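Visitor: just to be clear, the model below is a prediction. Sequence and coordinates:
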Amino acid sequence: MRSIILPLLILSISITSCITVNNTYTKLPPGKWRGILKLTDPEAVKTTSINEADAKVIDYFELPFNMEVTYEGEEMRVFIINGEEKIPINKLHFERDRTSAKDTLLLGFPEFDTRINAFYEENFIEGTWHVDYKGGYSIPVLIQYGQSHRFIDHPVDDTYDFSGKWDVTFEFDNANDAYPAVGEFKQDGNKLTGTFLTETGDYRYLDGNAYGDKLRLSVFDGAHAFLFSGSVSKDTIYGEFRSGKHYKSNWIATRNKGNDVLKNPYSMTKVVNNKRAEFSLKNTKSEVVSLSDDIYNNKIKIVNIIGTWCPNCKDEVQYLKEIKKDYPDVEIISIAYEMYKDESKALSILNTYKSTMDIEWPLLYGGYANKKETAESLEFLDKIYSYPTLLLVDKDNSIIDIHTGFNGPATSKFKTFDLEFRKKIESKLN
């Protein structure tokens, strides 16, 4: 057990007096932390050999995120914070490394098969974020105690108001890969939050700043590592989007004029020749589950097509837990398509996901996460556009509705979707 003495910091002004905090802790100091993921430019990495990279430090982009440590008795709890969202880290391990005489730390996101392995020393956590299903994919991370800001602030007298809804095109300079989105931003002074909605799902809770004619937003939730920047000219935003260290693209946005630039999510995925839903797949215990099993006879069913690696899928599963609580007579089945081709490894991941997410309905293994292969395994659907995809199935296994993607609680569309979906369930139950 050890007590902490915290230096009082106000912005960059150094104060010599100290405050002694009577709280005791056994691991990380409680309070606010600020982390950065060090994103290298994918183009710089491509053009730099391994030997050159060893000899020269490659410039990186800082993707900031916020973290909070609390204690319940002697039990440490750690949360990742993005705007309004506070995500508990479900797997924690802290111990002394005898070789280095440093404290080692594991911050695990088992639902996504990712983790941060790090050393802790003198109010700094330094290590690496690993994405295990991508074999070898990792990003350096540095987390500092006692900092609550997101981006480094640049005070400007006249800052553009980015609040409102924007029509966005990502990859606008690449006709083959361009795709639409809607930006929804809220601004309070130079504090900026919001999200992007796409036809396959939203980019979750973004947090950042506006200063002058520029904006910066980021999110890190154990799966997403997104960094957005942009500047505005004549009510048009020109921006850059980075996902981890492997992807970057340009985006452009103009003020929304009241029209919806995204396709209707109920019109994208279709049933083939009025076929009924049918499948026979293994659950997490390697038992075969079929939609024709007696338990599903004469029942309204929800079939949830997901990947455990997908944050929007996690949002949809969390939503379905509320649906199950409110409509216990509705049967739910989740079918997961995974990043591991090895079935035993995939089933192990599904077991972890089911336990971590506390899912009470069957979680089935559909196969490898490839949209073409997914559609082939579900022959009653013409195509899979997105993980997740949600099916509402009638008592005779005919498909009532198919909802592609999931724009969740970070978006303005979520409440409308929830009301409409509940009405459809109730009409069928009655």
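Guide: Okay, I see it.
Visitor: who's I139 bridged to?
Guide: W129 (DSSP bridges).
Visitor: is it true that it touches I36?
Guide: No: counting by Cβ atoms under 8 Å, I139 stays clear of I36, with 10.0 Å between them. (Each C-beta comes from the backbone N, C-alpha and C, glycine too.)
Visitor: other SSEs contacting whichever helix or strand L105 is part of?
Guide: Assigned by DSSP states H and E, L105 falls within strand 102-109. Counting contacts by 3 or more Cβ pairs under 8 Å, 6 or more residues apart in numbering; DSSP states H and E, strand 102-109 is packed against strand 91-97, strand 114-121.
Visitor: deepest of those, which one?
Guide: strand 114-121 (a mean of 19; mean count of other Cβ atoms under 10 Å).
Visitor: what's that one in contact with?
Guide: 28, 91, 94, 97, 100, 102-109, 125-132, 141, 143, 222-223 (Cβ atoms under 8 Å, 6 or more residues apart in numbering).
Visitor: all helices of the stretch 1-150 of the chain, in order?
Guide: 42-46, 50-55 (DSSP state H, counting those that start in this stretch).
Visitor: lowest mean pLDDT across those helices, which one is that?
Guide: Note on the helices of the stretch 1-150 of the chain: helix 50-55 shows the lowest mean pLDDT, a mean of 46.
Visitor: related to what we said a few turns ago, for the strand holding L105, the averaged confidence score.
Guide: 94.
Visitor: only C-alpha atoms, please: export it in PDB.
Guide: Extracted in PDB, the C-alpha atoms of strand 102-109 (Å, rounded to 0.1, in the frame of the first residue of the first chain):
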ATOM      1  CA  LYS A 102       9.000  -2.100 -13.200                       C
ATOM      2  CA  ASP A 103       5.300  -2.600 -12.800                       C
ATOM      3  CA  THR A 104       3.800  -4.400 -15.800                       C
ATOM      4  CA  LEU A 105       0.200  -3.700 -16.900                       C
ATOM      5  CA  LEU A 106      -2.300  -5.600 -19.100                       C
ATOM      6  CA  LEU A 107      -5.300  -3.700 -20.300                       C
ATOM      7  CA  GLY A 108      -7.400  -6.300 -22.200                       C
ATOM      8  CA  PHE A 109     -10.300  -5.900 -24.500                       C
END
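Visitor: report the angle between that strand and strand 91-97.
Guide: Strand 102-109 and strand 91-97 are oriented at 170 degrees to each other (axes from the mean of the first three to the mean of the last three Cα atoms, to 10 degrees).
Visitor: could I get the buried residue list for strand 102-109?
Guide: Using 16 or more other Cβ atoms under 10 Å as the burial criterion, the residues of strand 102-109 that qualify are 103-105, 107-109.
Visitor: tabulate the residues you listed in JSON lines, adding columns for distance to P409.
Guide: As requested, the buried residues of strand 102-109 are arranged in JSON lines below (distance: Cβ to Cβ, whole Å):
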{"residue": "D103", "distance to P409": "35"}
{"residue": "T104", "distance to P409": "35"}
{"residue": "L105", "distance to P409": "30"}
{"residue": "L107", "distance to P409": "24"}
{"residue": "G108", "distance to P409": "24"}
{"residue": "F109", "distance to P409": "19"}
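Visitor: starting at the chain centroid, how far to stretch 149-164?
Guide: 24 Å (Cα atoms, centre = their mean, to the nearest Å).
Visitor: list the contacts of that stretch.
Guide: 34, 64-66, 184-187, 189-190, 192, 207-213, 215-216, 218, 232, 237, 255-256.
Visitor: quick one: buried ones out of those residues?
Guide: For these, buried by 16+ other Cβ under 10 Å: 34, 64-66, 184-185, 187, 190, 192, 207-211, 215-216, 218, 232, 237, 256.
Visitor: let me see the ranges of the helices in the stretch 201-350 of the chain.
Guide: Under DSSP H, counting those that start in this stretch, the stretch 201-350 of the chain gives helices at 311-326, 343-357.
Visitor: before we move on, back to that, what pairs with the strand holding L105, parallel or antiparallel?
Guide: Partners of strand 102-109, by DSSP bridges, with direction: strand 91-97 (antiparallel), strand 114-121 (antiparallel).
Visitor: re the thing from before, let's see which of the buried ones among the contacts of stretch 149-164 end up in strands.
Guide: 34, 64-66, 184-185, 187, 192, 207-211, 215-216, 218, 232, 237 (DSSP state E).
Visitor: pop the domain breakdown of this structure in here.
Guide: The chain breaks down into these domains under automatic domain parsing: 2-145, 164-255, 280-429.
Visitor: tabulate the ones you listed in CSV, adding columns for distance to F151.
Guide: As requested, these are exported to CSV (distance: least, Cβ to Cβ, whole Å):
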stretch, distance to F151
domain 2-145, 6
domain 164-255, 5
domain 280-429, 19
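Visitor: closest to V78 among the buried residues of strand 102-109?
Guide: Nearest to V78 out of the buried residues of strand 102-109 is L107 (Cβ to Cβ; 6.3 Å).
Visitor: I figured that closest one hits K91, correct?
Guide: Yes: between L107 and K91 there is a contact under Cβ under 8 Å: 7.5 Å.
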